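Peer 1: next input, structure requested:
(4 chains)
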2 protein chains.
Amino acid sequence: MYGYADKAFARQPQDVVPEYHGEEPSFHHTVDCVILGFHRTELHVLLHRFPYKPYKGHWALLGGFVTPDASLDETALQTVQRLTGLENIYMEQVYTFGEVRRVPTERVITTCYYALIRVEPTLDQLSPHYQATWHPLSQIPNLDLVYDHPLMLRKAIEQLRLRIRLQPIGFELLPEKFTMTELRQLYESILDRPLDKRNFNKKVLAMNLLQKLEEKQKDTSKRGAFYYQFDAERYRQYLEKGFLFEL
Amino acid sequence: MYGYADKAFARQPQDVVPEYHGEEPSFHHTVDCVILGFHRTELHVLLHRFPYKPYKGHWALLGGFVTPDASLDETALQTVQRLTGLENIYMEQVYTFGEVRRVPTERVITTCYYALIRVEPTLDQLSPHYQATWHPLSQIPNLDLVYDHPLMLRKAIEQLRLRIRLQPIGFELLPEKFTMTELRQLYESILDRPLDKRNFNKKVLAMNLLQKLEEKQKDTSKRGAFYYQFDAERYRQYLEKGFLFEL
DNA sequence: TTTTCAGGTGTATTTCTTACACTTATAAGC
DNA sequence: GCTTATAAGTGTAAGAAATACACCTGAAAA
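Peer 2: Next comes the predicted model:
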């Protein structure tokens, strides 16, 4: 019998049960982070070398233990910050894994988050503690991930795929200024299918959330492509009017 | 410092760290269930009277403690079964709530699930232990739910709204045989907007997943409406061919 | 026999989605 | 300085999907 209500009824007609948790079992709880970044034309995930036997040297998502004074969200944020040094990280909870033997050595319940960050600033500032490196998603099947981390990664990508079409979160993965080609390639990488250049631009620009800048990107083509930036303030205004982002 | 990787590096060059969880804090973990059913023309949620001070008598989702030998999924299933006596319940994890003070008396981490069940069989077989009753969703704002249960309920409905358009889970809420009117009202209730009768039927029937029966429902109208049933086997076949459910 | 009531049915319009190919600006190479 | 190479930029037509809409039917009840 597991229900806390049961206990109350077993104790009837006693009325006051201020401390009903005391005798219940408790569990270690960790947070694992699928840290995602967009580099060149592909989505990448930041993995580190797992430092414990028997999986020492295998690849793993970076995680951290929940402590009494930190919420799950806070734990996740701190985990990513410790590794990347970044502030203002966009994170979202994905799923909680609670199978009894998912970690062979001990019962641990783990909540998975994904983080969307800009790769560029991390390239020279990742904490050397973790031996963390970026891996293109396409290479994951060849890597040996610990525990149920392959499943976590899959769930995270699945959720990102659904979300990115309904919320303007893709911009978290791009620098402030980006070209339409970069934006399109980001979506192609996440949705894992090619998108028509003209149709994509039409749809995105019709939402009127991008500001076209005078400046051009000059390194990827001879002609150069105009930079755009996402207007978060205008998005907030549209939201209030009931406008829905959709791609 | 919270990361388990930190510890390993602090211990370098020591190699074998078989028990790295021992000193970490642990937490009570519960599962709360948003038990949903469709009755008349509206979605209902099954709530019970909370038996503990200081919220005794307020309404609450039914929950249960996670135990060492039960996964989260199992805990959720058992919780609903204990109350309803039903087998084969469709459940889905929604979100895990881990704020430090979300339960004022003690730190508890809670994973929320929703369950989709048929109301009819429960009407005379709910375990009397729990004083549980069905409440139409429209009445929830008037009820006093404990803790963050209002938030849980909102998240669950939100997730159901997204899922029901992409997966044939609505049928879990209807009896084996149902009329097109019932199916439409179910969707109207969940999506919270009216749907055109002809367009809805056209779209649903075009998917070719419903079997029209000879039998008619005779109690709601003089003419009577044909019963249909969902063909799960055919859905499985279509799935393999890459077919996507969409409403 | 009439009334009442939900069940059942088709088409035209609009909107959205998709497919598709050539010109342009500029740097690099000769 | 002329040519070449490269990605950027641009519009339209066809097809598909979504929407709006109103009247007749079958059967029980009066």
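
Peer 1: can you pull out the helices in chain A?
Peer 2: Using DSSP state H, the helices of chain A run over residues A:4-10, A:72-84, A:149-164, A:180-191, A:197-206, A:232-240.

Peer 1: most tightly surrounded among those helices?
Peer 2: helix A:72-84 (a mean of 21; mean count of other C-beta atoms under 10 Å in any protein chain shown). All C-beta spots, glycine's among them, are computed from the backbone N, C-alpha and C.

Peer 1: got the residues of chain A near DNA strand D?
Peer 2: A:179-181, A:197-199, A:201-202, A:216, A:220-226 (C-beta under 7 Å from any atom of the strand).

Peer 1: A:Ala132: which of those residues is nearest?
Peer 2: Nearest to A:Ala132 out of the residues of chain A next to DNA strand D is A:Thr220 (C-beta to C-beta; 27.4 Å).

Peer 1: that closest one: how many residues sit nearby?
Peer 2: Other residues near A:Thr220 come to 11 when the count uses other C-beta atoms under 10 Å in any protein chain shown.

Peer 1: from A:Pro121, how far off is it?
Peer 2: 20 Å (C-beta to C-beta, to the nearest Å).

Peer 1: check A:Gly37 too.
Peer 2: 10 Å.

Peer 1: equivalent analysis for A:Leu61, please.
Peer 2: From A:Leu61 to A:Pro121 the distance is 20 Å (C-beta to C-beta).

Peer 1: can you check A:Ile169 too?
Peer 2: 18 Å.

Peer 1: what pLDDT is listed against A:Lys53?
Peer 2: For A:Lys53, the pLDDT comes out at 81.

Peer 1: quick check: phi and psi at it.
Peer 2: Per-residue torsions, A:Lys53: phi -70, psi 150 (degrees, to the nearest 10).

Peer 1: before we move on, the earlier item: looking at A:Leu61 and A:Pro121, which is more packed in?
Peer 2: Set A:Leu61 next to A:Pro121 and count neighbours by other C-beta under 10 Å: A:Leu61 wins out with 27 against 14.

Peer 1: the more buried one contacts A:Thr30, doesn't it?
Peer 2: No. At 10.2 Å, A:Leu61 does not count as touching A:Thr30 under the criterion of C-beta atoms under 8 Å.

Peer 1: which residues are in contact with the spatially closest residue to A:Pro168 that is not a sequence neighbour?
Peer 2: The shortest distance from A:Pro168 to any non-neighbouring residue, by C-beta to C-beta, 6 or more residues apart in numbering or on different chains, is to A:Phe245 (5.2 Å). By C-beta atoms under 8 Å, 6 or more residues apart in numbering or on different chains, the residues touching A:Phe245 are A:Leu166, A:Gln167, A:Pro168, A:Met207, A:Leu209, A:Tyr235.

Peer 1: can you report how many residues neighbour A:Pro68?
Peer 2: A:Pro68: 9 neighbours (other C-beta under 10 Å).

Peer 1: need the contact list for it.
Peer 2: B:Pro25, B:Val100, B:Arg107.

Peer 1: one more time with 10 Å, if that's ok
Peer 2: B:Pro25, B:Ser26, B:Phe27, B:Val100, B:Arg107 (C-beta atoms under 10 Å, 6 or more residues apart in numbering or on different chains).

Peer 1: with A:Tyr114 instead?
Peer 2: A:32-36, A:45, A:61, A:76, A:80, A:90-94, A:152-153, A:155-157, A:159-160, A:163.

Peer 1: so what's A:Ala8 scoring on pLDDT?
Peer 2: For A:Ala8, the predicted pLDDT is 41.

Peer 1: for chain A, give me the ranges with low pLDDT.
Peer 2: A:1-22 (pLDDT under 70).

Peer 1: select the longest strand from it.
Peer 2: strand A:28-39 (DSSP state E).

Peer 1: that one: partners in the sheet, and parallel or antiparallel?
Peer 2: The strands beside strand A:28-39 in its sheet (DSSP bridges) come out as strand A:42-49 (antiparallel), strand A:62-65 (antiparallel), strand A:108-117 (parallel).

Peer 1: what about the residue lying closest to A:Tyr227 once chain neighbours are set aside, neighbour count?
Peer 2: Among residues not flanking A:Tyr227 along the chain, A:Lys177 sits closest, at 3.9 Å (C-beta to C-beta, 6+ apart). Other residues near A:Lys177 number 15, with proximity taken as other C-beta under 10 Å.

Peer 1: A:Lys177 contacts A:Glu120, correct?
Peer 2: No. Look at A:Lys177 against A:Glu120 with C-beta atoms under 10 Å: they stay out of range, at 11.8 Å.

Peer 1: got any residues that touch both of the two?
Peer 2: Going by C-beta under 10 Å, 6+ apart, no residue sits against A:Lys177 while also sitting against A:Glu120.

Peer 1: the closest residue to A:Phe97 other than its chain neighbours: how many residues sit nearby?
Peer 2: Closest residue in space to A:Phe97, ignoring its immediate chain neighbours: A:Thr110 at 5.0 Å, by C-beta to C-beta, 6+ apart. For A:Thr110, the count of nearby residues is 24 (other C-beta under 10 Å).

Peer 1: mind listing what A:Thr110 touches?
Peer 2: A:28-32, A:61, A:63, A:66, A:95-99, A:102-103, A:147-149, A:152, B:96.

Peer 1: how is chain A carved up into domains?
Peer 2: A:28-163, A:169-241 (automatic domain parsing).

Peer 1: on that earlier part again, quick one, what contacts the residue nearest to A:Tyr227?
Peer 2: Here A:Lys177 is in contact with A:Gln211, A:Leu213, A:Glu215, A:Gln217, A:Phe226, A:Tyr227, A:Tyr228, A:Gln229, A:Phe230 (C-beta under 10 Å, 6+ apart).

Peer 1: any of those buried? List them.
Peer 2: A:Tyr227, A:Tyr228, A:Gln229, A:Phe230 (16 or more other C-beta atoms under 10 Å in any protein chain shown).

Peer 1: of those, closest to DNA strand C?
Peer 2: A:Tyr227 (14.0 Å; C-beta to the nearest atom of the strand).

Peer 1: surely that closest one touches A:Asp219?
Peer 2: No. Counting by C-beta under 10 Å, A:Tyr227 stays clear of A:Asp219, with 12.0 Å between them.

Peer 1: of the residues of chain A next to DNA strand D, which is the nearest to A:Pro51?
Peer 2: Distance to A:Pro51 across the residues of chain A next to DNA strand D (C-beta to C-beta) is lowest for A:Thr220, with 38.7 Å.

Peer 1: determine how far stretch A:169-183 lies from the middle of the whole chain.
Peer 2: 16 Å (C-alpha atoms, centre = their mean, to the nearest Å).

Peer 1: export the strands paired with strand A:28-39 to CSV and tack on distance to B:Leu72?
Peer 2: What follows is those, written out as CSV (distance: least, C-beta to C-beta, whole Å):
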stretch, distance to B:Leu72
strand A:42-49, 25
strand A:62-65, 18
strand A:108-117, 7
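
Peer 1: okay, those strands in JSON lines with distance to DNA strand C next?
Peer 2: Output for those, formatted as JSON lines (distance: least, C-beta to the nearest atom of the strand, whole Å):
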{"stretch": "strand A:42-49", "distance to DNA strand C": "21"}
{"stretch": "strand A:62-65", "distance to DNA strand C": "37"}
{"stretch": "strand A:108-117", "distance to DNA strand C": "24"}
